[in-house]
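Asker: curious how this folds, go ahead:
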Amino acid sequence: MSEINAETMSKLASSFTNDIGSIHQDVLSLSNDIKLLVLSQDQQLKCIENTLRKINYKQIQDHLFYILGSSIVFLILSAFTRVFEK
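Answerer: Coordinates of the predicted model:
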């Protein structure tokens with residue numbers, strides 16, 4: 001039987017600590033899931049509504065217009081390039 005030295009004990013302690021941390025995160029996640037299940041339908045709708053309010057639709061719209069504008073400019077430049085190549 002091999003001896004358990006300080007390094008081995010340190011590794012075991014670190015592994016144990018990581019396992020406990022992982023279990024703690026799982027318990028927190030499960031707790032949040034249970035809270036959502038327990039909430040009434042009205043409370044669930046309020047949570048969803050608050051989440052949707054946090055989404056910045058204007059910023060998303062601006063990005064989509066930028067992508068659309070860039071695509072149009074690229075298509076126009078490609079067309080001009082093809083015309084002048086001939």
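Asker: domain ranges for the chain, per the record?
Answerer: Segmentation of the chain into domains, based on automatic domain parsing, reads 1-54, 56-86.
Asker: quick one: distance of the longest one to the chain centre.
Answerer: Mean-position distance between domain 1-54 and its chain equals 17 Å (C-alpha atoms, centre = their mean, to the nearest Å).
Asker: want to try JSON lines for the domains of the chain, with mean neighbour count and mean pLDDT as columns?
Answerer: All C-beta atoms are positioned from the backbone trio N, CA, C, and that covers glycine. Output for the domains of the chain, formatted as JSON lines (neighbours: other C-beta atoms under 10 Å; pLDDT from 0 to 100):
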{"stretch": "domain 1-54", "mean neighbour count": "10", "mean pLDDT": "78"}
{"stretch": "domain 56-86", "mean neighbour count": "9", "mean pLDDT": "84"}
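Asker: what's the single longest helix in this protein?
Answerer: Using DSSP state H to assign secondary structure, the helix with the most residues in the chain is helix 6-38.
Asker: what does the very next helix or strand once past that helix contact?
Answerer: If you walk from helix 6-38 toward the C-terminus, the next helix or strand you reach (DSSP states H and E) is helix 41-54. Here helix 41-54 makes contact (C-beta atoms under 8 Å, 6 or more residues apart in numbering) with 36, 39.
Asker: helices and strands around the longest helix of the chain, which ones?
Answerer: Under the contact criterion of 3 or more C-beta pairs under 8 Å, 6 or more residues apart in numbering; DSSP states H and E, the helices and strands touching helix 6-38 comprise an empty set.
Asker: tell me the angle that helix makes with helix 41-54.
Answerer: Our comparison of helix 6-38 with helix 41-54, counting by axes from the mean of the first three to the mean of the last three C-alpha atoms, to 10 degrees, yields an angle of 110 degrees.
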